[in-house]
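Student: Give the three-dimensional model of this entry:
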Amino acid sequence: MRTLFGSITSLLLMLVAGCNTVDPDECWVNTSGGLGDEEPIPIGAGVGATSSGDFGTPPAGEPLAAEATENPCVAMGSVTVVSFSPSEFPFVTIVQDDGTGPAGGWQEAKANLEFIKKRRGGGSTWSCAITIQMPLRAEAYGKISASRAAGFSVDVTEDVAYGMDYSLPPGIFCEKFRIGADVAFKSMYPNLGSRVLK
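Tutor: Just a heads-up that it's a prediction; the model follows:
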């Protein structure tokens, strides 16, 4: 029994000593399926370091500090940001509603929507100018205030933006976005009579 206990203790000591260091430019993979998962778990550089992780001075720039270019264990992609506000769609009346017929009046908003693509080490930002037009009153929707029109516009433009290809050049991106928003208005708000122009 004592021999078995001694063997287990020796084995544990060897494991601790053997797993105590990882070279900062290496990427080790846990192939044991750890924590009940079936897939290997990437172990980031610096795992197993002997310090507590607390430090009084900022870490060196390699490999995972803010100045580093890439984490050797993680393939970095890009992130797109889509968040529009009703205030970006300032609707103004261009034709008054005379109150006759099933629909009437006309309003429009000129918007300059910003798109952001973030990548490690940088990113890009561009804007798409669009004009959205819709009636002041529609048979299927009743009266459409400027704030309600702006709400419709946020719903449509965000929905379209989430499905866009952010690798396109800005000019082509904006044209496809405008066309997509025009189509989306007709499918999301049928019989509204809206239009999306340059």
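Student: Please settle this for me: is residue 175 part of a helix?
Tutor: Yes - secondary structure of residue 175 (DSSP: H, G, I helix; E, B strand; the rest coil): part of a helix.
Student: From residue 182, how far off is it?
Tutor: For residue 175, the distance to residue 182 (CB to CB, to the nearest Å) stands at 11 Å. Backbone N, C-alpha and C define where each C-beta goes, glycine included.
Student: Looking at the two, which one has more neighbours?
Tutor: residue 182 (17 against 13; other CB atoms under 10 Å).
Student: Next, the more buried one: phi, psi?
Tutor: phi -60, psi -40 (degrees, to the nearest 10).
Student: What spatial separation is found between the nearest residue to residue 190 once chain neighbours are set aside and residue 160?
Tutor: Distance criterion CB to CB, 6 or more residues apart in numbering; nearest residue to residue 190, sequence neighbours excluded, is residue 140 at 7.5 Å. Per CB to CB, residue 140 is found 21 Å from residue 160.
Student: and those two? which has more neighbours close in?
Tutor: More crowded of residue 140 and residue 160, by other CB under 10 Å: residue 160, with 22 against 11.
Student: Any idea what residue 110 is bridged to?
Tutor: Going by DSSP bridges, residue 110 is paired in beta bridges with residue 131.
Student: Quick one: neighbours of it, just the number.
Tutor: So residue 110, with other CB under 10 Å, has 13 neighbours.
Student: for residue 85, same thing?
Tutor: 8.
Student: Which pLDDT value belongs to the closest residue to it other than its chain neighbours?
Tutor: Once flanking residues are discounted, residue 85 sits nearest to residue 154: 7.1 Å by CB to CB, 6+ apart. Residue 154 carries a pLDDT value of 98.
Student: cool, residue 2 as well?
Tutor: Note on residue 2: pLDDT of 56.
Student: Likewise for residue 79?
Tutor: 78.
Student: go on, the one 10 residues further on?
Tutor: The confidence metric pLDDT takes the value 98 at residue 89.
Student: Quick one: low-confidence residue ranges for the protein.
Tutor: 1-77 (pLDDT under 70).
Student: Run through the helices of it in chain order.
Tutor: Per DSSP state H, the chain carries helices over the ranges 2-18, 146-162, 170-188.
Student: count of residues packed around the closest residue in space to residue 91 that isn't next to it in sequence?
Tutor: In space, and not counting its chain neighbours, residue 91 is closest to residue 146: 3.9 Å by CB to CB, 6+ apart. Residue 146 has 16 neighbours, counted by other CB under 10 Å.
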